[in-house]
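Engineer: My questions are about this predicted structure, shown below with the sequence.
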Amino acid sequence: MNRLDPRTRIVLGLAAMGAVFIAREPQSLVVEWVLLMISLPLVRMGRRWIHSLRFVLPMVGLVFAITLLSFDFQVALVLSIRLLNLLTVSLIFFGAVSPEEMGDVLIKLGIPYGFSFILTTGMRYVPLIGQKIRNIMDAQLSRGIDLRPRLKNATNFMALLVPLLVQSFVLSEDLAIAMESRGFGRKGRSARREYRFASWEYFLMVVSLLLLGAFAWWERW
Amino acid sequence: MIRFSDIRYRYPNTGWVLKGVDLSVADGEYLFLCGANGSGKSTLGYLFNGLIPHFFSGTLQGSVIIDDTNTRESSVSELFSHVGLVLQNSDAQLFNSTVEDEIGFGLESLGLPAREINKRIREISKRLNLEHLLGRSPLTLSGGEKRLVAISSVLCLNPAVLLLDEPYAHLDWQAAEKVRQTLLETHQRGKTVVVIEQRTRGFVQDSTRCLIVDQGRLLFEGPAKAAQEVLRRERLVPSYPEQSKSQPSGQEPILVARDLSYRIKGKEILNRISLEVRSRETVAIIGRNGSGKTTLIKHFNGLLRPTEGEVSFQGEKIRGKPPSEMAARVGLSFQNPNNQFFKYRVRDELLVGPVMLDREENGWLEEIGDVFDLKGLLERAPYRLSEGEKKRVALASIVAMRPNLLVLDEPTFGQDGRFRETLAILLTRLKDLGVTTLIVTHDLDFAQATADRWIVLHDGRVVADGAPQDLLCDEQLIRVGALGRPPSDTRH
């Protein structure tokens, strides 16, 4: 997968997401799910997918329950499988395209460097903020502050929110100092990575888009 | 050549942080710039590459000339490849998703061609032995590796001056030694090295000249040897008190861990740990970063559940008890005080635990204020305190809950010599009050000054348990890296 140009990976990823959105029949969604399950070990993300189920399954379950109560079984099934597929595609997509590659592609598309940098750095700091939240939770639980998700604990969450906000501000200022000190914003920036399309990648992209079109047509009729 | 002439600086809405500093640094010098928390030493660092006045607003008087260039007249993006700055906060310093991209970032800013950038990445990673880390995310690295990557991301720009803000902060003895060797080698290659630090022992004598900053002024300027006396006098090198022997420890174990193992994502973090802490004892858990110390203590108040084995406290098993309930008995204070402040006043911050646990008592707050010397701070906002004051408030807020066991995770983290000395005195006071304390640290000097007994953790196992003076002579422990020699033994 990583041998492909990031632009190819992004087009393939977007095509896959498009296919998930287009699918309307439960059968098509199940076929998509099977295809995704086959591709997971191919892109070596099987373990990550299983790990992600801890968060994905409760979300899918919730959507299923709400739509079942509001509509009927068919709608609930379609929506929950679609959500499962969409989250799986997103996992593969973000696992296969690094933030820097995404940034490079955006720059090639004419998006200003500053904007693409915000996007890529935002992605980079998600795990760090997650770590900070865990550390703050540990510190506050150790002071007897109950942070279990219960109504009576609602006000206790200030103990999580305030330190997190303060630390995020401090981190953003330190980050700005670090970026400034490494020449961020200097004119005439170059790129370390040079991307070259292989001719068969054009072919791959065209085929995937044609397949998407055909699938859309088939789903309509 | 760098010349600071009569520098005065203040941030917006503060008093003068620098109050008239004159200083010059010759090419090829190794300058060690030390001072207590809040002395103005980091601010001085920001003047070297033009962050002041271009990034920080505020008022700057005087001039900084770097090789005939006045920093007022050239921007940070013009100066950054001449004066390379390595920040203390590695999380901010390393903002790319791989080590390779991290090293390449500054080179891309310079607009170098891709081939040259990749060549320099290869060269610097080979020189600093980082080749095996190039594809890794900086987030997954150890503290020492992060620091070396940060140094390489600046060194690859080939700056004439390498400036580092607290490069030894949070590093254990082994990682600190690696960074130290890298800096020495960089200096030998003809670079000017400027180290801003508060950890002085073992490092200050590497320099060709030492500067001591105090309250925005230069207090001392001279060779490292002559600086020792001033450092001791100014308590930047702490003089620890004699250990109190007045309270013999009890025989009853208060905390017992039996065959405790902990695994996460298939990785073994703790491996069959067995230990005991008796009442009124002060025990230190010693180990390098990543040896599993913090993971271990999170089992003592129920934050983590062991994969195998048991922990009991006062004869009762901890398993299944929520940490908010255990907090009344085991007070755990983590290393970063900023993780816990959320009230407007120190007084309210101190009361959070006792109110949650229904343990408010008249006069207790005053007593805590006395012990931790917080009388003048009670009405102030926690975030506006100095680092040492913050740490005192954080510790006091845990002691205020009157736990039976006090557990301190890296209490000297980010603290200067003065605070470390104060903390050692505080722990002696708590010991006299009969408090059982467990200190988790890689600060061997501090552990030696405060603990009766050491438990040494290495790669998730307990490898030694005994009196500090015996363990420090154990060549086997030092050879495997489970213990280091205190700097005083090797370089003083």
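Structural biologist: Right, received. Where do you want to start? Numbers count the residues shown, from 1 in each chain, chains lettered A, B, ... in the order given.

Engineer: So what sits opposite residue B:439 in the bridge?
Structural biologist: Counting by DSSP bridges, residue B:439 forms beta bridges with residue B:284, residue B:408.

Engineer: Tell me where the model's unsure across the stretch 201-350 of chain B.
Structural biologist: Counting by pLDDT under 70, the stretch 201-350 of chain B shows low-confidence ranges at B:244-250.

Engineer: Show me where it has its helices.
Structural biologist: The residue ranges that make up the helices of the stretch 201-350 of chain B, judged by DSSP state H, counting those that start in this stretch, are B:224-233, B:293-297, B:323-326, B:346-356.

Engineer: what's the spacing between the first one and its chain's center?
Structural biologist: Per C-alpha atoms, centre = their mean, to the nearest Å, the displacement of helix B:224-233 from the mean C-alpha position of its chain is 22 Å.

Engineer: May I see the helices of the stretch 201-350 of chain B organised as TSV, with distance to chain A and mean neighbour count added?
Structural biologist: Every C-beta, even on glycine, is put in place using the N, C-alpha and C of the backbone. Putting the helices of the stretch 201-350 of chain B into TSV (distance: least, C-beta to the nearest C-beta, whole Å; neighbours: other C-beta atoms under 10 Å in any protein chain shown) gives the following:
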stretch	distance to chain A	mean neighbour count
helix B:224-233	27	16
helix B:293-297	9	22
helix B:323-326	4	21
helix B:346-356	4	21
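
Engineer: Nearest to residue A:96, out of the ones you listed?
Structural biologist: When the helices of the stretch 201-350 of chain B are ranked by proximity to residue A:96, the top entry is helix B:293-297, at 31.9 Å, counting by C-beta to C-beta.

Engineer: Restricting to C-alpha, output the closest one in CSV.
Structural biologist: This file holds the C-alpha atoms of helix B:293-297, laid out as CSV (Å, rounded to 0.1, in the frame of the first residue of the first chain):
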residue,chain,number,x,y,z
LYS,B,293,7.5,2.7,38.3
THR,B,294,4.5,4.8,37.6
THR,B,295,2.5,1.8,36.3
LEU,B,296,3.3,0.0,39.6
ILE,B,297,2.1,2.8,41.9
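
Engineer: can you count the residues close to residue B:363?
Structural biologist: Counted with other C-beta atoms under 10 Å in any protein chain shown, the burial measure for residue B:363 works out to 7 neighbours.

Engineer: ok, the residue in chain A that chain B sits nearest to to residue A:198 distance?
Structural biologist: When distances are taken as C-beta to the nearest C-beta, chain A approaches chain B most closely through residue A:183, which lies 2.8 Å from it. With distances defined as C-beta to C-beta, to the nearest Å, the gap from residue A:183 to residue A:198 amounts to 33 Å.

Engineer: what comes into contact with the helix or strand of chain A with the lowest mean pLDDT?
Structural biologist: Across the helices and strands of chain A, mean confidence by mean pLDDT, DSSP states H and E is lowest for helix A:99-108: a mean of 83. Among residues not part of helix A:99-108, those counted as contacts by C-beta atoms under 8 Å, 6 or more residues apart in numbering or on different chains are A:6-7, A:9-10, A:97, A:113, A:115-117, A:119-121, A:123-124, A:191, A:193, A:195, B:96-98, B:101.

Engineer: hmm, try it at 10 Å
Structural biologist: Here helix A:99-108 makes contact (C-beta atoms under 10 Å, 6 or more residues apart in numbering or on different chains) with A:2, A:5-7, A:9-11, A:93-94, A:97-98, A:111-113, A:115-126, A:189, A:191-195, B:96-98, B:100-101, B:104-105.

Engineer: Give me the distance between the closest residue to chain A within the stretch 1-150 of chain B and residue A:187.
Structural biologist: Chain A sits closest to residue B:109 of the stretch 1-150 of chain B, with a gap of 2.8 Å, by C-beta to the nearest C-beta. When distance is defined by C-beta to C-beta, residue B:109 is 10 Å away from residue A:187.

Engineer: again with residue B:79
Structural biologist: 15 Å.

Engineer: neighbour count winner among those two?
Structural biologist: Residue environment comparison for residue B:79 versus residue A:187 gives the larger neighbour count to residue B:79, 23 against 7, counting by other C-beta under 10 Å.

Engineer: How about the contacts made by that one?
Structural biologist: Residues near residue B:79 by C-beta under 10 Å, 6+ apart: A:181, A:183, B:48-51, B:54, B:66, B:69, B:71, B:85, B:159, B:161.

Engineer: That concludes my questions; thank you for your assistance.
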